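Peer 1: For reference, the sequence and a predicted model appear below.
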Amino acid sequence: MPDTDSIVNTKRPTPQPSSKGFTLIEVMIVVAIIGILSAVAYPSYQSYLVRANRSVATAHLLDIATRQQQYRLDARTFGALADIGMGTPPSEVSKHYAVSVVGTPSATEFTVQAAPTGSQLSQDTKCGTLRINQAGAKSITGSGSVAECWGGR
């Protein structure tokens, strides 16, 4: 009888299934989750961009109104945008809005506006064209409220 200590186990171990990589189901679940998150996040991001562009435009209009008042102190009349040193709007504004004086400024009144252009025009129907006059009265042409479109400025 052979010695049991000298018997070598000749059975081969059964191969275990490989646990490397992902299954197709796992990948599809991840793709679905990413799709859902992006479907929620992208419209929110677009809304943020529209509000940010509008905020830059309102700040620029307020700067123009301030410069108009300063110009009136010196010249006794309100002036054109070139007269007050605001002929060319900054690129952040001009990419999304066309800034202009409505009518001809006089000794007693002016109105300046920022009309949306390009994608801002189609995406910001709530506010539309932003306006401010010599009295600081703000207005919009869209269906929203002046308070929400001017952001409390």
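Peer 2: Cool, the structure landed. Residues are numbered from 1 along each chain as shown.
Peer 1: Going by C-alpha atoms from here, please, whenever you check contacts or count neighbours.
Peer 2: OK.
Peer 1: Report the separation between the residue nearest the centre of the chain and residue 63.
Peer 2: The residue lying closest to the centre of the chain (Cα atoms, centre = their mean) is residue 49, at 0.7 Å. Here the criterion is Cα to Cα, to the nearest Å. By it, residue 49 lies 21 Å from residue 63.
Peer 1: so what secondary structure elements neighbour the helix ranked longest in the chain?
Peer 2: Counting by DSSP state H, the longest helix found in the chain is helix 24-75. Packing contacts for helix 24-75, counted by 3 or more Cα pairs under 8 Å, 6 or more residues apart in numbering; DSSP states H and E, involve helix 91-94, strand 111-116, helix 118-123, strand 130-133, helix 146-150.
Peer 1: what's around residue 95, how many residues?
Peer 2: Residue 95: 15 surrounding residues under other Cα atoms under 10 Å.
Peer 1: contacting residues for it?
Peer 2: residue 117 (Cα atoms under 8 Å, 6 or more residues apart in numbering).
Peer 1: Pull out the buried positions in stretch 65-81.
Peer 2: For stretch 65-81, the neighbour count (16 or more other Cα atoms under 10 Å) marks 65, 67, 68, 69, 71, 72, 77, 78, 79, 80, 81 as buried.
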